[in-house]
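Asker: using only what follows, build the 3D model:
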Amino acid sequence: MKDYWGKISERFDEWTAPLRPSLEDVETFKSLLDPTARTLLLGVTSELQSLATVAVDHNPRAIEVHRANAVLGDWRDLPFGPEFDTAIGDGCLNVFQGTQQLFFQQARKVLKKNGSLILRVFISPEPKEDLAIVLQKKEEMGFHAFKWRVAQALANPYVRVKDLYDVMKQVYDHPTLEIYRDSDLVYYFPQLSDLPPWDNIRFGTSYELADRCPIITWK
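Answerer: Okay, here's the model as predicted:
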């Protein structure tokens with residue numbers, strides 16, 4: 001689908017946690033940040049904009065919809081040098097269209113010495129869930145939590161968005177699914193053991209799948 005992220009931004013109000021950060025998540029980010037620090041936000045997540053000096057996003061429509069103080073740029077080649085004390089993001093590692101190694105390489109590129117990378121990451125459980133079992137649990141959770149569990153069951157650790165659409169459409173006719181139908185994007189759902197060693201990890205408790213959405217700090 002043309003302008004996938006622009007379409008998502010236009011329907012952002014239809015999304016809830018776990019897809020969007022909760023108030024609890026925002027407070028956790030605040031507690032981890034120095035208010036005097038120069039902070040880069042990867043993406044234009046509305047809930048985190050007030051915590052950042054500037055944001056960077058590749059989609060002009062998303063920047064316009066979210067009214068962000070943002071620079072247009074590709075996360076695979078960030079348009080900054082080592083000028084930030086902190087880089088933050090919500091789910092950005094999961095939607096990064098490149099390798100995990102490139103993502104962390106670009107984060108190091110823009111951070112000052114002893115800088116911190118703080119991300120909310122959507123992780124797959126260990127061991128992985130069986131897709132057939134997850135599909136049977138449709139009635140036990142909200143749409144967005146169910147969608148993420150299906151995606152994580154499909155991921156190895158990558159899953160094509162159009163494959164997620166094909167599976168979800170068979171069992172859950174939800175209007176936001178049409179955004180996924182013709183997408184050529186790939187999502188990444190690592191397990192905790194797939195991630196580089198971290199300095200701090202915090203789990204929320206206030207929404208479905210919060211135990212799979214930790215806020216992780218790397219220095």
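Asker: need the pLDDT of the nearest residue to F80 once chain neighbours are set aside.
Answerer: Leaving aside its sequence neighbours, F80 sits nearest to V110 (CB to CB, 6 or more residues apart in numbering; 4.5 Å). All C-beta spots, glycine's among them, are computed from the backbone N, C-alpha and C. Looking at V110, its pLDDT is 98.
Asker: ok, now which ones touch V110?
Answerer: 40, 78, 80-84, 87 (CB atoms under 8 Å, 6 or more residues apart in numbering).
Asker: just the element for K113, please.
Answerer: Using DSSP states H and E, K113 maps to strand 111-120.
Asker: got a list of contacts for that strand?
Answerer: 21, 25, 29, 32-33, 82-93, 104, 107, 199, 213-219.
Asker: and the buried ones among these, selectable in ChimeraX?
Answerer: Under the burial definition 16 or more other CB atoms under 10 Å, those of the contacts of strand 111-120 that qualify are selected in ChimeraX by:
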select :21,25,29,32,33,84,85,86,87,88,89,90,91,92,93,107,213,214,215,216,217,218
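Asker: how about M141, nearest residue that isn't a chain neighbour?
Answerer: Spatially, and ignoring its direct neighbours in sequence, M141 is nearest to E208 (5.5 Å; CB to CB, 6+ apart).
Asker: what sits against P21?
Answerer: The contact partners of P21, by CB under 8 Å, 6+ apart, come to 29, 45, 47-48, 90, 120.
Asker: ok so, going back, the residue nearest to F80 and A52, how far apart?
Answerer: Counting by CB to CB, to the nearest Å, the separation of V110 from A52 is 12 Å.
Asker: thought W15 was touching F143?
Answerer: No - using CB atoms under 8 Å, W15 is not in contact with F143, being 9.8 Å away.
Asker: quick check: which ranges of this structure have low pLDDT?
Answerer: In the predicted model, the chain carries pLDDT under 70 at residues 1-14.
Asker: tell me how it divides into domains.
Answerer: Here the domain parsing of the chain from automatic domain parsing is 4-123+190-218, 131-185.
Asker: about what we covered before: run a quick neighbour tally on the residue nearest to M141.
Answerer: E208 sits with 18 neighbouring residues when counted by other CB atoms under 10 Å.
Asker: just P127 next, same as before
Answerer: 7.
Asker: centroid-nearest residue for this structure?
Answerer: G91 (1.0 Å; CA atoms, centre = their mean).
Asker: does the residue nearest to that residue when sequence neighbours are not counted sit in a helix, a strand or a coil?
Answerer: Among residues not flanking G91 along the chain, F122 sits closest, at 5.8 Å (CB to CB, 6+ apart). Using DSSP: H, G, I helix; E, B strand; the rest coil, the structure places F122 in coil.
Asker: F122 reaches K147, doesn't it?
Answerer: No - taking contacts as CB under 8 Å, F122 lies outside contact range of K147: 11.0 Å.
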